[in-house]
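quick one, structure for this:
(4 chains, ligands or ions: 6)
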Amino acid sequence: MSNFSCKLFDNLILKSPLILASGISGNSDGLLVRAAKSGAAAVTTKGVTLKYQKGAENPVSTDWGPGLITNLGLSNPGIESMAYMIKTFRNEMGDQTIPIFVNIHGESAEEYAEIARLIAPSHPDLLEIDLPFPDETLAREIRHAVIENASGIPISVKISADYPKIGQLAKVIEDAGADAISAINSMKGLIVDAYAAKPFLSSGSGGISGPAIKPIALYCISEIYQAVNIPVIGTGGVLTGLDMAEMMMAGATIVGVGSALYYSGYGAFSQIMNEFETFMKSEGYQSTSELVGKIWR
Amino acid sequence: MSNFSCKLFDNLILKSPLILASGISGNSDGLLVRAAKSGAAAVTTKGVTLKYQKGAENPVSTDWGPGLITNLGLSNPGIESMAYMIKTFRNEMGDQTIPIFVNIHGESAEEYAEIARLIAPSHPDLLEIDLPFPDETLAREIRHAVIENASGIPISVKISADYPKIGQLAKVIEDAGADAISAINSMKGLIVDAYAAKPFLSSGSGGISGPAIKPIALYCISEIYQAVNIPVIGTGGVLTGLDMAEMMMAGATIVGVGSALYYSGYGAFSQIMNEFETFMKSEGYQSTSELVGKIWR
Amino acid sequence: MEKTILNKEKRSHVFTIDRIRHENEMTSSLIMKESLEGEPGQFLLLWLPGVGEKPFSIAGTDPLVVTVADVGKLTHEIHTLQPGDRVWIRGPFGQGYQAYGTDALLVGGGYGASPLLFLAETLIEKGTRVQVFLGARTKDLLILKDQFEELPLKIYITTNDGSCGIQGFVTVPLEESIRNLPDPQDACVYACGPKGMLIGIDALCEKYNIARQLSWEAIMRCGMGLCGNCKIEMPDTWDEPSDKPGSKKAWLVCRDGPTSFTK
Amino acid sequence: MEKTILNKEKRSHVFTIDRIRHENEMTSSLIMKESLEGEPGQFLLLWLPGVGEKPFSIAGTDPLVVTVADVGKLTHEIHTLQPGDRVWIRGPFGQGYQAYGTDALLVGGGYGASPLLFLAETLIEKGTRVQVFLGARTKDLLILKDQFEELPLKIYITTNDGSCGIQGFVTVPLEESIRNLPDPQDACVYACGPKGMLIGIDALCEKYNIARQLSWEAIMRCGMGLCGNCKIEMPDTWDEPSDKPGSKKAWLVCRDGPTSFTK
Ligand SMILES: Cc1cc2nc3c(=O)[nH]c(=O)nc-3n(C[C@H](O)[C@H](O)[C@H](O)COP(=O)(O)OP(=O)(O)OC[C@H]3O[C@@H](n4cnc5c(N)ncnc54)[C@H](O)[C@@H]3O)c2cc1C
Ligand SMILES: Cc1cc2nc3c(=O)[nH]c(=O)nc-3n(C[C@H](O)[C@H](O)[C@H](O)COP(=O)(O)OP(=O)(O)OC[C@H]3O[C@@H](n4cnc5c(N)ncnc54)[C@H](O)[C@@H]3O)c2cc1C
Ligand SMILES: Cc1cc2nc3c(=O)[nH]c(=O)nc-3n(C[C@H](O)[C@H](O)[C@H](O)COP(=O)(O)O)c2cc1C
Ligand SMILES: Cc1cc2nc3c(=O)[nH]c(=O)nc-3n(C[C@H](O)[C@H](O)[C@H](O)COP(=O)(O)O)c2cc1C
Ligand code: FES
Ligand code: FES
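Ligands and ions are numbered 1, 2, ... in the order given. The predicted model follows:
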């Protein structure tokens, strides 16, 4: 395979732009190892909270046609077990280890500060802050809280499309000192079963992911790319190498996949990279950086 | 066909919950008549601005798989021609006339005030305010501006899903005196052609509609339904009678279709109503009002 | 269990020009390396990134052929393309021509002839007897004459200035041929060209009570039946289908058409 | 041109119970009015609105049959249902059993037998020689015995307490039968039941070098390969497929399974 290495930051270079997004298989070191061995250039853990969370009752997800909906109720082992998982992941990967990104979730700036303090000793390669809701002040506060307790660890803030001026939100986050922006998280959605006269998920609403949200993700990524100077980690509906190229052209430096593991299993990584390589060759691109933001150049 | 009449307001009763949403065929009285004769219980005009707008260059739309993207650049004949179109529509419909809703679009509260003043003499059955972007203060100002110049005409404010607390926005709008909420407008999106290394639409981004946005619409409608006491006009990805039932169960009193006219032509109206009737019968519902917000009762 | 990846076929695809055939001084046919499934009378949307996207008739499917007259911004740009260059195409869209009866009379005005060669080939394969009537203002604006002449069909040429074939309108030899038909009930006129010509042909067919399929043009924007920009009013002779109430005064060329069928 | 409306088949559909067959005091089979395409060994997700959704093996497809043991919240609620009541089902999911070899040895532990009747019928139709081994703690926990006895196959029953058939574990008659196989290379063991039983059978098959397909259970949440909740570690005897690196220690029952195949 060609050299597709991607520089996220000066001291964080990935072997390719394709990574595992947060929430998919991300509660198990074994599954993270599997994703890595299947070709992911970095893996992201499930969103971790301070304490273990059992999560929601079934049903927690479904394929509704153009995409997926999931609400697992943020089930995760809690930040202390996650620290242990990171160690195990690195041990199991040995020489072939790849960067591990830790996605963290809290409800307040204080909670984020505490989570950051507890995970910092494990030195994740990136801390991804899952904003509980998009709010410029909150984003700033959380960013400050995290940076104090996890200094030296690069930070990305993950945002979703339910914000009217997403470029502006990204700018605020950049100004607060974030090293990257991750976009987009799943969209809030609801599946109703008319015969049951009930929402299908036990929690009512859930997160929409998969093909349905790809153009929304592309829009947000391109707005963010135009607003900030830090790299964008793009996610949302990527299933093919061409989807990945589109994301990068809209402005993503690296691209995460989640729902693709439903559509194509762990084989998604090699399939997407093969398609991406074919595209790069046929179009005569030499390096991945040529693609980033190309539609705006 | 059974009696599916729907009370939107005390003095506005529709023969069924199914109406034509704004923007589809809505620049031509001939096409509005065709929609009405095909079974729409009310029709909505294209978003009208103060002056004629030519609109964007081709390409202005495409089917991207799970949904559509369009950006016609708000091409419309301007508010004065629209007043004439309303008259022609009513003439052509004669005895069989149905309510005509006028969707209006401005950039400031003053512009909305002027549009309202110019259209008021035509007495549209409802003025639908297309918010240029979701903002609580702006929504309040526009609402006040319109109410002053078009008193006696019911007003609905149309909002989209790119707002983090959509129920709260709806409540502000209700408190400002709106008679209904229309939700959702199309989602902002972008289609990239990787081989062209360009956005596909001439305007870059566009509005995502069709099946892809249905669960997002259902979520917003249910949030709005739970936050306000005024009726919700639901739109977003309705293609079948079952989709319509789901929208109503999430909280919509009446349901608009737009993209369905691409998927099924004008036959969409009779097809959806037939499927809806089958559903109502098989599930033993007597009236449409039983469905509204049922998942929350 | 591999899941079905959602179909993206409705989106534009890249096509590469294999050869270019010059039809006349303002018209060329792009012959692609790839093929596209479609029927005569259907159209596609051709996009040149950064320039624009417009409708063109399918003039052949395997390989795909598009015959383009140089009339404005996009078509002018198309005429600068060379073999090996790419174009972006989506489609097919709209209702094509349907085979009907034993005798077919194909009438093309100017570059309106572009879908008719493909139609003639399709009909001949089905065993239909085909006559073709090509009209243009002057000899240099005629297209596809040589291609038609290679097919087993009768061909009539008219030019307004008499520079080729009969002088006058294409309706003159057409009326003559209609009169000579063994059974006008078992025949159909297929026409493509400017609106005025179509209305004339429609009236002529009404007079002889013969079925006709007319292909209309309009300025298209969405091409998807949403914007209403391609709306036209159909002639009085056209019977509104009962399942399309209101369509007579609001017929969408992109969706109801481009071809109409009056029996 | 009617557009294809996007497939919603992956969503839950309403099924109506036609009949209920009591298998034993804690197990019943729901026989639906509708059918579902699927293979033996695949599973479905059954939802009762307001109660929950859980995985169950497909015990028959035409009509759909689901055999349910009353062990907890949802399954208890299912046991209160009557003919005419509705359930919501999506699927099928996962990898089913594959036909392999001339001799098939089907081993079911407790309600683990539920997919095996359907499998036996399918294999017999293909001309495979079938032997069935049903094991349970006690007579009352055996299921489908009468149904199996109507098929042209050999059946062995074991109970831990000897209340029916041979006293002891199901592996005893199984080993005996393996020994008597005309050609162990041309045979396959199919098993479904508790994890301990599967591990025992796997070891036995390894000893005799015979192919086996084992159906694993795990607590499922998403059922779609996303949450990782159903992850198990496969036995040492299992060869990790080269296109699924890392799967041995992280095998997803819902997606890689529920059946594993060791040749
Ligand atoms: C269903 C359909 C099938 C068509 N098939 C063919 C074909 O096979 N070959 C072909 O050469 N052309 C065909 N056309 C016409 C073609 O779409 C126009 O020639 C093209 O849009 C002009 O684009 P432009 O950017 O070059 O011209 P512009 O710069 O947009 O306009 C140049 C001039 O052409 C006129 N014009 C623009 N669009 C149209 C139109 N749709 N009809 C008539 N005049 C127009 C303008 O009014 C202007 O006078 C078809 C049109 C339709 C609706
Ligand atoms: C692939 C697969 C196929 C299955 N096929 C069948 C079948 O055909 N018939 C059948 O009756 N059951 C089957 N099961 C097991 C079935 O899913 C559980 O019995 C069911 O989830 C119990 O739900 P409940 O709400 O009634 O129990 P709960 O109230 O959730 O739990 C009750 C008890 O059952 C245990 N339990 C819950 N889920 C499982 C499980 N998946 N495996 C083992 N123990 C569990 C709990 O730990 C608890 O002790 C299958 C499971 C899997 C993974
Ligand atoms: C099952 C599932 C769980 C997820 N959990 C998280 C999470 O814990 N934290 C987070 O930031 N994003 C989470 N996401 C969002 C994904 O990381 C991703 O942003 C989103 O799904 C869009 O990408 P996709 O279309 O490739 O799935 C989750 C997504 C899925 C499908
Ligand atoms: C071509 C097109 C044009 C539209 N124009 C307008 C408009 O002018 N004003 C408006 O409020 N909504 C407009 N909309 C949004 C629709 O009214 C509707 O809210 C949205 O498309 C979601 O519904 P659907 O999925 O049924 O199309 C437009 C939608 C489409 C597809
Ligand atoms: S071009 Fe838009 S409706 Fe025909
Ligand atoms: S149940 Fe979620 S991965 Fe298997």
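
OK, contacts around the residue of the stretch 101-250 of chain C found nearest ligand 6?
At 38.4 Å from ligand 6, C:Met224 is the closest residue in the stretch 101-250 of chain C, using CB to the nearest ligand atom. To be clear about C-beta, it is placed using only N, CA and C from the backbone, and glycine gets the same treatment. C:Met224 is in contact with B:Ser61, B:Thr62, B:Asp63, B:Leu68, B:Tyr262, C:Phe93, C:Cys254, C:Arg255, counting by CB atoms under 8 Å, 6 or more residues apart in numbering or on different chains.

repeat that with 7 Å
Contact analysis of C:Met224 by CB atoms under 7 Å, 6 or more residues apart in numbering or on different chains lists B:Ser61, B:Asp63, B:Tyr262, C:Cys254.

which non-adjacent residue is nearest C:Met197?
Once flanking residues are discounted, C:Met197 sits nearest to C:Gly109: 4.5 Å by CB to CB, 6 or more residues apart in numbering or on different chains.

what's around that neighbour, how many residues?
Using other CB atoms under 10 Å in any protein chain shown, C:Gly109 is surrounded by 25 other residues.

surely it meets C:Leu198?
No: here C:Gly109 lies out of contact with C:Leu198, judged by CB atoms under 7 Å, at a distance of 8.4 Å.

ok, back up a step: next one: the residue nearest to C:Met197 from ligand 3, what distance?
Distance of C:Gly109 to ligand 3, computed by CB to the nearest ligand atom, to the nearest Å: 51 Å.

what's the answer for C:Leu119, then?
The gap separating C:Leu119 from ligand 3 is 45 Å, by CB to the nearest ligand atom.

for that residue, which non-adjacent residue is closest in space?
Leaving out its chain neighbours, the residue that sits closest to C:Leu119 by CB to CB, 6+ apart is C:Pro40, at 3.7 Å.

find the closest residue to ligand 4 in the stretch 51-200 of chain A.
Nearest to ligand 4, among the residues of the stretch 51-200 of chain A, is A:Pro66, at 11.9 Å (CB to the nearest ligand atom).

can you give me the pLDDT of that residue?
With respect to pLDDT, A:Pro66 scores 94.

does it belong to a helix, a strand or coil?
Recorded secondary structure, A:Pro66: coil (DSSP: H, G, I helix; E, B strand; the rest coil).

could you report the neighbour count for the residue lying closest to it once chain neighbours are set aside?
Excluding its sequence neighbours, the residue lying closest to A:Pro66 (CB to CB, 6+ apart) is B:Pro66, at 3.2 Å. B:Pro66: 26 surrounding residues under other CB under 10 Å.

and the one 4 residues further on, by the same measure?
When neighbours are defined as other CB under 10 Å, B:Thr70 has 29 of them.

right, and it touches C:Cys222 too?
Yes: under the criterion of CB under 7 Å, B:Thr70 makes contact with C:Cys222 at 6.5 Å.

can you give me the end-to-end distance of stretch A:171-190?
This stretch, stretch A:171-190, spans 30 Å end to end (CA to CA, to the nearest Å).

which parts of it are buried?
Buried residues in stretch A:171-190, counted by 16 or more other CB atoms under 10 Å in any protein chain shown: A:171-174, A:176, A:178-190.

output the lowest mean pLDDT helix or strand found in chain A.
Here the helix or strand of chain A ranked lowest by mean pLDDT, DSSP states H and E is helix A:136-149, holding a mean of 86.

quick one: that one near chain B?
No: interface with chain B: helix A:136-149 contributes nothing (CB under 7 Å from any CB of the partner chain), its closest point being 10.4 Å away.

tell me which of the buried residues of stretch A:171-190 fall in strands.
Residues of those located in strands (DSSP state E): A:Ala180, A:Ile181, A:Ser182, A:Ala183, A:Met187, A:Lys188, A:Gly189, A:Leu190.

identify the residues contacting the third one.
The reference is to A:Ser182. By CB under 7 Å, 6+ apart, the residues touching A:Ser182 are A:Glu128, A:Ser156, A:Val157, A:Lys158, A:Ile233, A:Thr235.

distance of it relative to B:Phe269?
According to CB to CB, to the nearest Å, A:Ser182 stands 43 Å off from B:Phe269.

kindly report the same for the last one.
Summarising the geometry, the distance separating A:Leu190 from B:Phe269, computed by CB to CB, is 25 Å.

check what pLDDT A:Asp193 gets.
The per-residue pLDDT reported for A:Asp193 equals 97.

and for residue 54, the neighbour number?
In the absence of a named chain, this looks at chain A. For A:Lys54, the neighbour count with other CB under 10 Å is 9.

that's the wrong chain, I wanted chain C
Counted with other CB under 10 Å, the neighbours of C:Lys54 add up to 23.
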